[in-house]
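**Q** Predicted model and sequence below, questions to follow.
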Protein chains: 2
Amino acid sequence: MISRTTVRAVLEQVPLGADVTVFGWVRNSRTSSSVAFASISDGSCFAALQIVFDRARFSDEALSGVAVGSCIRVSGRVESSKGQGQARELMADSLDVAGPSGGDYPLQPKRHSMEFLRTLPQLRARTATFNAVFRIRHRLAMAVHDFFDSRGFVYVHPPLLTSSDCEGAGETFQVTTLPLDRVPIRDGSVDYTEDFFGRKAYLTVSAQLEAEPLALGLGSVYTFGPIFRADPSDTRIHAAEFWMIEPEMAFFDLDDDIALIEEFVKHMASVVRERCRSELAFLAEFVEPGLEKRYSAVLDEPFARVAYTEAVRIIGSAGADRVAGLEWGRPFSAEQERFLADEAFGRPVFVTDYPASFKPFYMRMNDDGRTVACTDLLVPGVGEIVGGSQREERLDAVVGRAREQGMDMDTYSWYFDIRRWGSAPHSGFGLGFERMLMYLTGMKNIRDVIPYPRTFGSMA
Amino acid sequence: MISRTTVRAVLEQVPLGADVTVFGWVRNSRTSSSVAFASISDGSCFAALQIVFDRARFSDEALSGVAVGSCIRVSGRVESSKGQGQARELMADSLDVAGPSGGDYPLQPKRHSMEFLRTLPQLRARTATFNAVFRIRHRLAMAVHDFFDSRGFVYVHPPLLTSSDCEGAGETFQVTTLPLDRVPIRDGSVDYTEDFFGRKAYLTVSAQLEAEPLALGLGSVYTFGPIFRADPSDTRIHAAEFWMIEPEMAFFDLDDDIALIEEFVKHMASVVRERCRSELAFLAEFVEPGLEKRYSAVLDEPFARVAYTEAVRIIGSAGADRVAGLEWGRPFSAEQERFLADEAFGRPVFVTDYPASFKPFYMRMNDDGRTVACTDLLVPGVGEIVGGSQREERLDAVVGRAREQGMDMDTYSWYFDIRRWGSAPHSGFGLGFERMLMYLTGMKNIRDVIPYPRTFGSMA
């Protein structure tokens, strides 16, 4: 067995004066006339550990192995630090280089651009920025599970391989074992009887439709897994593969749904603020100076709420530059959404009851016959992070809306079944994990909150 | 907002005599001369709640709505139960049918075959068996996260879309946005410049290779997500889409790896045994009478450990019927693995140090030059549930092995980079979530521990 003490334990747990052996990667190093310093990280915490080498005891040749990027093993004594910036340091007794690093190591102790770092996903986790981001990603994921588990929700795993494309074709990936250079054709069409599933298969764009029947048995369920959209948009907020959280709750109406979303978003922000102080301090210094304000906007007061029709009026009265394309019955532009969150309300705002005309068939029709019981949550600086609705539980209504939208009724008969037998009011929502992470870390590009991002034209 | 009390709260929390309103699906119902009974489930716990209707207060017509499969809302008083099998019941004051269910409801209160239930994934979660299985699936998933989070691991999300097929072609799904009925061909080959990523893309068969670089920065990481194998095997243990847990740890040798696997497997079994008593009692009665023994085999003593070479000797001395195909340098048959776990050791056993000849390039070569530092964990009744190894951290050795196996060296250069700069000893393993779930629930077919199973030729 490998015997070592983690950097976290050295900094927080072992008694001063203890003799320990640590492993870690050298973040940076410097030399004075009598001593050499190296700061190492081993992934056990965000902080690095300073190692002090007495040059009278270590030869220049030995110290030359302490190069940026190398992995070293050091035994020594834990002492109070005389320098700034850390309470403790390690006074080295012995040194081994476990994995050397030549001068060609691509990450040097200076500012690298995010674009450059994206070309090195296999090394990004060794930088302080990505160390912070991936640690917050972990804590946020744990916060998701804690939130739902403590409320009696069941974590479910709907399939990613699906035969129905939830929200309209054109943005789905097809999955196949057919040889693309000799696709079997019969009567002018692809012969799917030879494909793995014997039929056409897609990657899912949403787990919602499969989650709903599980909620209509298990009561409250949630998903937390990858989703795929073949959207050929090359922007800072679009990824082809990302993670979503999609809870579905039986016996929930839209008000229940909205109350749960607010509680959930506040929970996530509060866990990250509480548990990731070092990471947030670093990001506020080097990435997003206004980061603290985002947490205040989420945590310090109730979210606002406004119906779509009223939101149209508010935007309309805000001046000519806001009203381009504004018309009841049309979706808001991204700029209009930002105006609502950033200026009109200045905090997260639920926009509810959008016109049915541009919303999916599964949202519950309101009594006015022209709006649906749905909500988007808009947050300052980012825009939409959650979309939710009460689901149409009335068989005739949901079948009628699906037919109106030209859907293949046979493909969805299993979905309608839960309204055929033992229907119940139910609601749900979807939250984009990476957008929430961008909001909470201040990272500007979705590529920089995902370990190996997949975007249009790029699979680095 | 919808106001209701959950079945769990009625059974465990509210004071006797309280007036409550509950919602739930009717599991079964019966009528005597003076009263009618219905047992309802709302997903909040495994147990159902018995409702008692005084026939003097409810008409036959009203009670006819209390049909199996319907969703009803009942207000009434919580009382001690006079009947067997439950401590409390609800004496009804009022009744609404939220979602009726006709006589054509497919699930009746009798034994249905698993094969029949697989045709109804949209209703399976309403049965007691799948209620138990999906609840245990949830608890097991939470146990996974608790285990690694409490040990300082970082939960990471490597991509499912990949350009490298980790363990050999032929069993991967291809992902594309090219139109299959008119695939663009240039110079006799598929022209991938028109595909979404501009190159050929697959669904991942393992997250390991992408997880390793994250461990070599974050220290200890784990994945928990879906994996895809286009294996055209139609057996009770093969699914095309399933979930795996793949931890990777820097500064871990094979002994550290084995100790962690044992601790992890014991943790999972112990959490399920402790937290899912009602579910396990039900499954032990109706699905797998020997279920308790499995938990004892895992929890009551240390796992066994044997090297491959010694295991060959043990099997060889066990009699003629075991030795078919037995030869040093060949993998064990499934039957030989079962013999080791079920008979030779009678408890979970780690088999270590397999011949390099049939193991992947990334496993660390032992000093003997012919075996590698790896392990499989075999458990009685199921066989292999974990495979792990110390990874080859020496650049020359890993590159040499990859070359021997004819791998495309350019495709994997990013992977070799972590041995090029700051290499460190590291190890990891993979555990099949559904196989572990089969072991802990006694379910015989992998299709019955997955909400919507995807298997060769079937996407119900």
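**A** Structure's in. What do you need?

**Q** Please count neighbours and contacts with C-alpha atoms only from this point.
**A** Fine.

**Q** got the residues of the stretch 1-150 of chain A near chain B?
**A** A:1-2, A:23, A:25, A:41-44, A:69-71, A:98-102, A:105, A:122-123, A:125-126, A:131, A:134-135, A:137-138, A:141-142, A:145, A:149 (C-alpha under 8 Å from any C-alpha of the partner chain).

**Q** Show me where the stretch 101-250 of chain A has its helices.
**A** A:114-118, A:121-124, A:128-150, A:208-218 (DSSP state H, counting those that start in this stretch).

**Q** counting contacts, what elements does the third one pack onto?
**A** Helices and strands in packing contact with helix A:128-150 are listed as helix A:254-275, helix A:277-286, helix A:433-441, helix B:128-150, strand B:154-155; criterion 3 or more C-alpha pairs under 8 Å, 6 or more residues apart in numbering or on different chains; DSSP states H and E.

**Q** Which residues does the shortest one contact?
**A** When you say that, I think you mean strand B:154-155. Residues outside strand B:154-155 that contact it (C-alpha atoms under 8 Å, 6 or more residues apart in numbering or on different chains) are A:134-135, A:137-138, A:141, B:148-149, B:218, B:220-224.

**Q** Tell me the strands beside it, with direction?
**A** strand B:220-228 (parallel) (DSSP bridges).

**Q** circling back: now render the helices and strands packed on helix A:128-150 as TSV, adding distance to residue A:162.
**A** Below are these laid out as TSV (distance: least, C-alpha to C-alpha, whole Å):
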stretch	distance to residue A:162
helix A:254-275	27
helix A:277-286	39
helix A:433-441	22
helix B:128-150	20
strand B:154-155	26
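
**Q** now those as CSV including mean pLDDT and mean neighbour count?
**A** Converted to CSV, the helices and strands packed on helix A:128-150 look like this (pLDDT from 0 to 100; neighbours: other C-alpha atoms under 10 Å in any protein chain shown):
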stretch, mean pLDDT, mean neighbour count
helix A:254-275, 98, 18
helix A:277-286, 97, 17
helix A:433-441, 97, 22
helix B:128-150, 98, 20
strand B:154-155, 98, 26
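
**Q** Out of the ones you listed, flag the one nearest residue A:204.
**A** helix A:433-441 (16.2 Å; C-alpha to C-alpha).

**Q** does chain B sit close to that closest one?
**A** No: under the criterion of C-alpha under 8 Å from any C-alpha, helix A:433-441 makes no contact with chain B; the nearest approach is 11.3 Å.

**Q** hmm, back to that, closest to residue A:303 out of the helices and strands packed on helix A:128-150?
**A** helix A:254-275 (7.1 Å).

**Q** Can you name every helix or strand that that closest one contacts?
**A** Helix A:254-275 packs on helix A:128-150, helix A:291-299, strand A:383-391, strand A:426-432, going by 3+ C-alpha pairs under 8 Å, 6+ apart.

**Q** Between the helices of the stretch 101-250 of chain A, which one is closest to residue A:238.
**A** When the helices of the stretch 101-250 of chain A are compared (using C-alpha to C-alpha), the closest one is helix A:114-118, at 15.4 Å.

**Q** Make a PyMOL selection of the buried ones in the residues of the stretch 1-150 of chain A next to chain B.
**A** Here is the PyMOL selection string for the buried members of those, based on 16 or more other C-alpha atoms under 10 Å in any protein chain shown:
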select buried, chain A and resi 23+25+41+42+43+44+69+70+71+98+99+100+101+105+122+123+125+126+131+134+135+137+138+141+142+145+149
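
**Q** Tell me how far the nearest residue to residue A:403 once chain neighbours are set aside lies from chain B.
**A** By the measure of C-alpha to C-alpha, 6 or more residues apart in numbering or on different chains, the closest residue to residue A:403 outside its immediate chain neighbours is residue A:409, 7.2 Å from it. Going from residue A:409 to chain B by C-alpha to the nearest C-alpha, to the nearest Å gives 16 Å.

**Q** Thanks again, I'm all set now.
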